[in-house]
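Enquirer: The following comprises the amino acid sequence and a computationally predicted model.
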Amino acid sequence: MSLAINPLISLASNPPNYEPIARLQNEFKNKDEFIVEGVIPFLEQILFPYISKEARILDLGCGCGHLAQQLHLQGYQMTGIDASEGLLRYAQINAPESEFILGDIRKFELPPTFNAIVSIDVLLFILNNEDLTAIFRNVYAALEDNGLFVFSIPLIELMHRQTEEASFNHIYVNDECVFIELFDYNLEKKMWEIEVTGFELVEKIWKRSDTTWLRKDHLFTDVQSALENVGFTEISHLDAGGLGGSACFVCRKHV
């Protein structure tokens, strides 16, 4: 287990701010049940048959390390990268046998040593095509020849909205934490604004934290073009089981 902090990598100017709510993310989001019951069966179909049992995998936007741990338990050699130091502290606990890097996924540079790179529920926070292309270029450079890139991303074509604006909320509660997400959608901008409020019981006192995230829905043609422009081939995609209008892309690096 290690946490490498590269001073040459500056943190993103507009990533979701997880620092105030790192504990709440660890308590409620992308827990092992979701990974085991939803993500792993998906990867068993589209990734595992095409890589060796001891393959090196990079988890792009690894968060609290729940996916990294489950992939480690499958026998893979795991590395995770994330821009949140708070989330990575939990990742070190949740996946103690894996390695973690603190860095902006739009600016990282790693040698081509990975057999596969995965990114689940992360690229929805990328707000423009330039950043998306930068990430794909970084991923391509970090993959070995014939390596696979598997990622989910929300597509405009899968949203099927009937009104100009939609809103809903998620509320998660346990004895020591409350986590609230309020979603507002702007159809014209194809953008979600997510107001996040958390309450944590700290030394018998409830502490409140607030932050705002932006989520972007992307056009299929933009995603496809960005992948092709950096060199990916054999690009395929499928509906990711209706997860908020997300699609799952699978593509291969050939030199």
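Expert: Yep, it's here.
Enquirer: can you give me the offset of the longest helix anywhere in the chain from its chain's centre?
Expert: Criterion DSSP state H: the longest helix present in the chain is helix 129-142. Centroid separation for helix 129-142 versus its chain: 14 Å, with Cα atoms, centre = their mean, to the nearest Å.
Enquirer: Run through who's touching it.
Expert: The contact list for helix 129-142 (Cβ atoms under 8 Å, 6 or more residues apart in numbering) reads 58, 60, 105-114, 117, 123, 126, 149, 218, 222-223, 226-227, 229-232, 253. Yep, even glycine has a C-beta here, placed from its N, CA and C like the rest.
Enquirer: tell me the secondary structure for residue 149?
Expert: Judged by DSSP: H, G, I helix; E, B strand; the rest coil, the three-state class of residue 149 is strand.
Enquirer: Report pLDDT for it.
Expert: Note on residue 149: pLDDT of 98.
Enquirer: these two touch, right, it and residue 114?
Expert: No: under the criterion of Cβ atoms under 8 Å, residue 149 makes no contact with residue 114, lying 9.4 Å away.
Enquirer: Identify the contacts common to those two.
Expert: Joint contacts of residue 149 and residue 114 (Cβ under 8 Å, 6+ apart) are residue 143.
Enquirer: Which ones among the contacts of helix 129-142 map onto helices?
Expert: 222-223, 226-227, 229-230.
Enquirer: Where does pLDDT dip in the protein?
Expert: 1-16, 30-32, 159-167, 240-245 (pLDDT under 70).
Enquirer: Phi, psi for the residue located most distally from the centre of it please.
Expert: Using Cα atoms, centre = their mean, the residue of the chain lying farthest from its centre is residue 204. It sits 33.0 Å away. In terms of degrees, to the nearest 10, the main-chain angles of residue 204 are phi 70, psi 10.
Enquirer: Residue 217 now?
Expert: According to degrees, to the nearest 10, residue 217 has phi -90, psi 140.
Enquirer: Wait, it touches residue 157, no?
Expert: No: applying Cβ under 8 Å as the test, residue 217 and residue 157 come out as separate, 9.1 Å apart.
Enquirer: The two - which one has more neighbours?
Expert: residue 217 (22 against 14; other Cβ atoms under 10 Å).
Enquirer: How much space separates the residue nearest the centre of the chain from residue 230?
Expert: Geometric centre of the chain, nearest residue: residue 122, 2.6 Å, by Cα atoms, centre = their mean. Computed as Cβ to Cβ, to the nearest Å, the residue 122 to residue 230 distance reads 17 Å.
Enquirer: Next, the contact list for residue 179, please.
Expert: 21, 24, 27-29, 170-173, 196-198.
Enquirer: which one of these sits closest to residue 248?
Expert: For the contacts of residue 179, the closest approach to residue 248 (Cβ to Cβ) belongs to residue 29, at 18.9 Å.
Enquirer: Run through the strands of the chain in chain order.
Expert: Secondary structure of the chain (DSSP state E): strands located at 2-5, 56-60, 77-82, 99-102, 114-119, 143-154, 165-173, 177-186, 191-202, 205-216, 232-239, 246-253.
Enquirer: Can you lay out the ones you listed as JSON lines showing distance to residue 35?
Expert: What follows is those, written out as JSON lines (distance: least, Cβ to Cβ, whole Å):
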{"stretch": "strand 2-5", "distance to residue 35": "21"}
{"stretch": "strand 56-60", "distance to residue 35": "11"}
{"stretch": "strand 77-82", "distance to residue 35": "13"}
{"stretch": "strand 99-102", "distance to residue 35": "17"}
{"stretch": "strand 114-119", "distance to residue 35": "11"}
{"stretch": "strand 143-154", "distance to residue 35": "13"}
{"stretch": "strand 165-173", "distance to residue 35": "16"}
{"stretch": "strand 177-186", "distance to residue 35": "18"}
{"stretch": "strand 191-202", "distance to residue 35": "21"}
{"stretch": "strand 205-216", "distance to residue 35": "21"}
{"stretch": "strand 232-239", "distance to residue 35": "19"}
{"stretch": "strand 246-253", "distance to residue 35": "15"}
